[in-house]
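>>> give me a model of this one.
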Amino acid sequence: MISIRTACLPLAIGIAAAVAHASEPLRWQPLPALPDALGVAGPFVGIHDGAVIVAGGANFPVAPGEDRWTVPKRWQQAVWVLPRDGSGWLAAAPLPRPRAGGAVASIPAGVVCIGGDDGTTAVATVTLLRWDPGTGQVVARELPPLPHPLTACAAAALGSVVYVAGGQRGTALDGATAAFLRLDCRPLDRGVPAGELHWEALPDVPGGPRALPVVVARGSGAVHVISGRRSMAGGAAAAIEALVDHWEFDAARVAADPGSGWIRRAPLPQPAMAGSAVAAGAAHIVVVSGDDGALWERTAILRDAHPGFTPRALAYGAAADRWTSLAAPPVNQLATPAVPVTDGFILVSGEVKPRHRSPAAWRVSIDTDALPVP
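A predicted model of the protein is given here:
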């Protein structure tokens, strides 16, 4: 029997009382839908030179008369680009192999696509995708691979420094890790060959192993690792533990003392597995998607009658160490990253309920003045 447990840390005590409603600071505007009518989950999505790049992902192509719940998942290798003018999606050269479920971060040098899997094998591959508006092409460049294969992980960037947290060493959840890795890509801006970069293992995420976490960078030196899931200790093979814990990594602090760097922060009021988040100014984080696991045990029974993942949005104020609920967004497209842009973020495709994706794309602006006091 499938079962799920929400992991609540001591800081969860009283958190419900701390969650309040604020004036709506998020404004959702549709962009042209992804040309793949099914949409994809687990794509690499980022922005370079003003262009949105979407690569890979996975979905469930269903022929007329077929049962969505018996067809196999198909991993994709298509690459799509939405140029700066937003006029429409362009097809680019595909990835060398189908790939989904990895981590992604946008840096000045391009979109860093990290790990992932093809449904059979997790990979350590790291690829930098760059948009060349002159040729209308996406240029791929290999960066140093991860120290080990990793999928179901997440990443964020502080400038040109990329951080990766959690994930699985293989395609099974019991291979989840607490890994926290860093790749300093600043030398690329100086013309240093990519081969001279190297991955650095940092102190593990203190909350333990997790897959599908939310990872977001804030300010000049903070990286937050939030939620995720892992196999339930002593549980059945299909049992999961849905996490609500929240950890902040202080890059400056760990530079002074390599054994430190992690600070426990207020947990989420509910899990946000496979969710996405962005920083809103230096003082806030906004979580805009994720699965709370409420219907996990009933998925096989509900099948296509599943109502979809509940749309929720939360704002975190760093100074008060407090979460505030925002008005529900129009959608909950999880398993796709929120890509930071000026005054907001872009969200493309993703999963809306089990085995269902959406091709919808959004440009969301954030009114930081309407966010709760941090």
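>>> all helices for the stretch 51-200 of the chain, in order.
If DSSP state H, counting those that start in this stretch is used as the criterion, the helices of the stretch 51-200 of the chain fall at 186-189.
>>> any weak-confidence spans in it?
By pLDDT under 70, the stretch 51-200 of the chain has no low-scoring segment.
>>> what's near enough to touch residue 45?
For residue 45, the contacting residues are 52-55, 104, 111, 336-337, 339, 346, 348-349, taking Cβ atoms under 8 Å, 6 or more residues apart in numbering as the criterion. C-betas here are computed from N, CA, C, even on glycine.
>>> from the residues you listed, which ones fall inside strands?
For these, membership in strands holds for 52-55, 104, 111, 339, 346, 348, with DSSP state E as the criterion.
>>> top of these by neighbour count?
Within the ones in strands among the contacts of residue 45, most neighbours by other Cβ atoms under 10 Å means residue 104, with 31 neighbours.
>>> format the contacts of residue 45 as JSON lines; extra columns: distance to residue 181.
Listed next are the contacts of residue 45 as JSON lines, based on distance: Cβ to Cβ, whole Å:
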{"residue": "52", "distance to residue 181": "25"}
{"residue": "53", "distance to residue 181": "22"}
{"residue": "54", "distance to residue 181": "24"}
{"residue": "55", "distance to residue 181": "21"}
{"residue": "104", "distance to residue 181": "14"}
{"residue": "111", "distance to residue 181": "18"}
{"residue": "336", "distance to residue 181": "21"}
{"residue": "337", "distance to residue 181": "17"}
{"residue": "339", "distance to residue 181": "21"}
{"residue": "346", "distance to residue 181": "25"}
{"residue": "348", "distance to residue 181": "25"}
{"residue": "349", "distance to residue 181": "26"}
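>>> so which of the residues you listed comes closest to residue 94?
Using Cβ to Cβ, the shortest approach to residue 94 within the contacts of residue 45 belongs to residue 55, at 8.3 Å.
>>> correct me, but that closest one touches residue 95?
Yes - shown here, residue 55 and residue 95 form a contact pair, counting by Cβ atoms under 8 Å, at 5.7 Å.
>>> any common contacting residues for the two?
77-79.
>>> rebuild those residues as a markdown table, extending it with neighbour count.
Compiled in a markdown table, the shared contacts of residue 55 and residue 95 are given as follows (neighbours: other Cβ atoms under 10 Å):
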| residue | neighbour count |
| --- | --- |
| 77 | 16 |
| 78 | 19 |
| 79 | 21 |
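>>> which non-adjacent residue is nearest residue 178?
With Cβ to Cβ, 6 or more residues apart in numbering as the criterion, residue 178 has its nearest non-adjacent residue at 4.0 Å, and that residue is residue 204.
>>> now do the SS call for the one you found.
coil (DSSP: H, G, I helix; E, B strand; the rest coil).
>>> in contact with it, which residues?
With contacts defined as Cβ under 8 Å, 6+ apart, the neighbours of residue 204 are 177-180.
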